[in-house]
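Undergrad: structure for the following, please:
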Amino acid sequence: MKAELPVTARIDRIGPYSLALILVYLAGSYVAPFFLFLFILLLFLPILSLAYLLLTFFRLKYYQEFSTEHPVKGESVGYRLILANETLLPLHHLTVVFKTIHPFMEEVLPPFTTYIRSRSRLELPYQIRCPFRGIYTVGLEYLAGEDPLHFFVFRRRVWFRTFYVYPRILALRAFSTGTERSERLAQGSSTGSVPDFSLFNQLRSYRYGESLRHVAWKKFASTGTPFLKSYDTSAEPGLTIYLDLRQGKHTGMKALETEDVSLDTLVALVKYYLDHEVPVTVRAPGRTVYTFRGSGPSVFGPFYLSTMELIFQPTISPAALYRLDRQTHGYESNSAIIISHLFDPQVFSTVEESLNGDASVALILNRSGYSPEERRTVVPYLYSLSERGAGIRFVDGPEGIEESLERGVLSYER
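TA: Numbers count the residues shown, from 1 in each chain. The predicted structure is shown next:
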């Protein structure tokens, strides 16, 4: 390892020493020859002190051990630092500084100064929690050694390790948004005979218990008898999931927890559909629009690794991206799911408009960042949409995401 140049000199120590050296020299010149001997001795002391530092500090061995190279969100990384002094001299005033791990880590490794005896070693075990998705740096930033007289400080370049912590992979046993087209997709009907709402065929009589979503309201108004619109079938191109990447009102650990709930939800849905051979497109607005397209279990791995590209930042609503895709014909299916963590009327109105349109838009609302008052405010309106046929699910925190997504009916919470 190479010392960083230039070497740091302690001016607060060298200044008084230089003054003392001048006084001793003057005393030796005009008072007594003994002070000249003392002057020579003092002159060589910094050299001896520096040689001591070079001999001990630059022969110091250090080792860093990690329990895993691929931690998963919520796990801990076991980190062990070993400092070994292999010389016959003790090592004075060694400063150990760690690399900043993560801005919102619950546990930060503080720097410390230590003394290591000759032929001895110091072992320091740590447990580094990884409670959130993101990039973590673990390890040493630098080692600094001072000579016994504290005149000079040398730093050694050291290394640290970077860990990419990905979202959890939650396995869903079943999922249905409650909308007609998405239910077929959830059952694995990615191709074949499914209704294409752009291919109107005829009207047919309403049968008790059927969804009222495709009632011909004009015909009903003129005759008083309910009729449903029927459609020809075509190949279903899959579904598109829109992820809301806007930053919420919270900061710090609460913001990271809310964002991770949305990412865990996204990963669970994509895995579920890909395992059922349903073609999936993921769209997320950012500085550049994140897009993933795939079909089949084999493409889940590349998608999972690409989730590091999903960065929450000031951007547009996923509902705005959905409408833009519809206008520019970039939208490849008539089934969509929006995952949002914000109280956004634009998202809610997009879901409501789809009730009378030719496309199915479901909503998964991540309420982990909502206050109790906000949760109570939004429930009645979204519950009314659910009763009219909209596919809506609530996810309220990192625990119980699977149960919330697997639940077939939206419960009315007061």
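
Undergrad: just the helices in this protein please.
TA: 11-30, 34-57, 180-186, 217-223, 252-275, 300-306, 318-327, 345-353, 372-387, 401-406 (DSSP state H).

Undergrad: any chance of those in TSV, plus mean neighbour count, distance to residue 137 and mean pLDDT?
TA: Bear in mind the C-beta positions are built from the backbone N, C-alpha and C, glycine included. Converted to TSV, the helices of the chain look like this (neighbours: other C-beta atoms under 10 Å; distance: least, C-beta to C-beta, whole Å; pLDDT from 0 to 100):
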stretch	mean neighbour count	distance to residue 137	mean pLDDT
helix 11-30	13	32	66
helix 34-57	15	24	77
helix 180-186	21	40	46
helix 217-223	11	60	70
helix 252-275	20	16	92
helix 300-306	13	19	94
helix 318-327	18	31	91
helix 345-353	18	36	91
helix 372-387	14	36	81
helix 401-406	18	28	90
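
Undergrad: nearest to residue 69, out of those helices?
TA: Of all these, it is helix 300-306 that lies closest to residue 69, at 14.7 Å by C-beta to C-beta.

Undergrad: spatially central residue in this structure, please.
TA: Computing the C-alpha centroid of the chain and ranking residues by C-alpha atoms, centre = their mean puts residue 133 first, at 2.9 Å.

Undergrad: thought residue 169 was touching that one, still the case?
TA: No: judged on C-beta atoms under 8 Å, residue 133 makes no contact with residue 169 at a distance of 11.9 Å.

Undergrad: tell me what residue 98 is bridged to.
TA: Note on residue 98: beta-bridge partners residue 140, judged by DSSP bridges.

Undergrad: stretch 79-95: how far from the chain's middle?
TA: Offset of stretch 79-95 from its chain centre (C-alpha atoms, centre = their mean, to the nearest Å): 36 Å.

Undergrad: what is the end-to-end distance of it?
TA: End-to-end span of stretch 79-95 (C-alpha to C-alpha, to the nearest Å): 18 Å.

Undergrad: buried sites along it?
TA: For stretch 79-95, burial by neighbour count (16 or more other C-beta atoms under 10 Å) applies to 79, 81, 83, 85, 87, 91, 92, 93, 94.

Undergrad: hmm, back to that, any chance of the helices of the chain in JSON lines with distance to residue 239 as columns?
TA: Listed next are the helices of the chain as JSON lines, based on distance: least, C-beta to C-beta, whole Å:
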{"stretch": "helix 11-30", "distance to residue 239": "68"}
{"stretch": "helix 34-57", "distance to residue 239": "62"}
{"stretch": "helix 180-186", "distance to residue 239": "6"}
{"stretch": "helix 217-223", "distance to residue 239": "27"}
{"stretch": "helix 252-275", "distance to residue 239": "7"}
{"stretch": "helix 300-306", "distance to residue 239": "14"}
{"stretch": "helix 318-327", "distance to residue 239": "12"}
{"stretch": "helix 345-353", "distance to residue 239": "15"}
{"stretch": "helix 372-387", "distance to residue 239": "19"}
{"stretch": "helix 401-406", "distance to residue 239": "15"}
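
Undergrad: which of the ones you listed sits closest to residue 393?
TA: For residue 393, the closest of the helices of the chain is helix 401-406, at 6.2 Å, according to C-beta to C-beta.

Undergrad: name the helices or strands packed onto that closest one?
TA: With contacts taken as 3 or more C-beta pairs under 8 Å, 6 or more residues apart in numbering; DSSP states H and E, helix 401-406 sits against helix 252-275, strand 392-395.

Undergrad: coming back round to it: which of the helices of the chain sits closest to residue 163?
TA: Closest approach to residue 163 among the helices of the chain (C-beta to C-beta): helix 300-306, 14.0 Å.

Undergrad: neighbouring contacts of that closest one?
TA: 166, 167, 169, 267, 270, 271, 274, 275, 282, 290, 292, 294 (C-beta atoms under 8 Å, 6 or more residues apart in numbering).

Undergrad: of those, closest to residue 394?
TA: Taking these together and measuring to residue 394 by C-beta to C-beta, the closest member is residue 267, at 18.1 Å.

Undergrad: the closest one: what's it in contact with?
TA: Here residue 267 is in contact with 167, 168, 169, 170, 304, 307 (C-beta under 8 Å, 6+ apart).

Undergrad: identify, from the residues you listed, the entry nearest to residue 129.
TA: Among those, residue 168 lies closest to residue 129 (C-beta to C-beta), at 14.5 Å.

Undergrad: neighbours around the closest one, how many?
TA: 16 (other C-beta atoms under 10 Å).

Undergrad: I'd assumed residue 264 was in contact with it.
TA: Yes: counting by C-beta under 8 Å, residue 168 sits close enough to residue 264 to count as a contact (5.1 Å).

Undergrad: what is the neighbour count of residue 77?
TA: By other C-beta under 10 Å, the residues close to residue 77 number 21.

Undergrad: before we move on, the earlier item: in a markdown table: the buried residues of stretch 79-95, plus distance to residue 58 and pLDDT.
TA: Putting the buried residues of stretch 79-95 into a markdown table (distance: C-beta to C-beta, whole Å; pLDDT from 0 to 100) gives the following:
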| residue | distance to residue 58 | pLDDT |
| --- | --- | --- |
| 79 | 24 | 94 |
| 81 | 18 | 95 |
| 83 | 13 | 95 |
| 85 | 12 | 93 |
| 87 | 10 | 90 |
| 91 | 11 | 90 |
| 92 | 14 | 83 |
| 93 | 15 | 89 |
| 94 | 12 | 93 |
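
Undergrad: and the contacts of residue 267, which is closest to residue 385?
TA: Out of the contacts of residue 267, the member with the shortest distance to residue 385 (by C-beta to C-beta) is residue 170, at 25.7 Å.

Undergrad: distance of the closest one from residue 389?
TA: In this view, residue 170 and residue 389 are 27 Å apart by C-beta to C-beta, to the nearest Å.

Undergrad: please apply the same query to residue 42.
TA: Counting by C-beta to C-beta, the gap from residue 42 to residue 389 is 92 Å.
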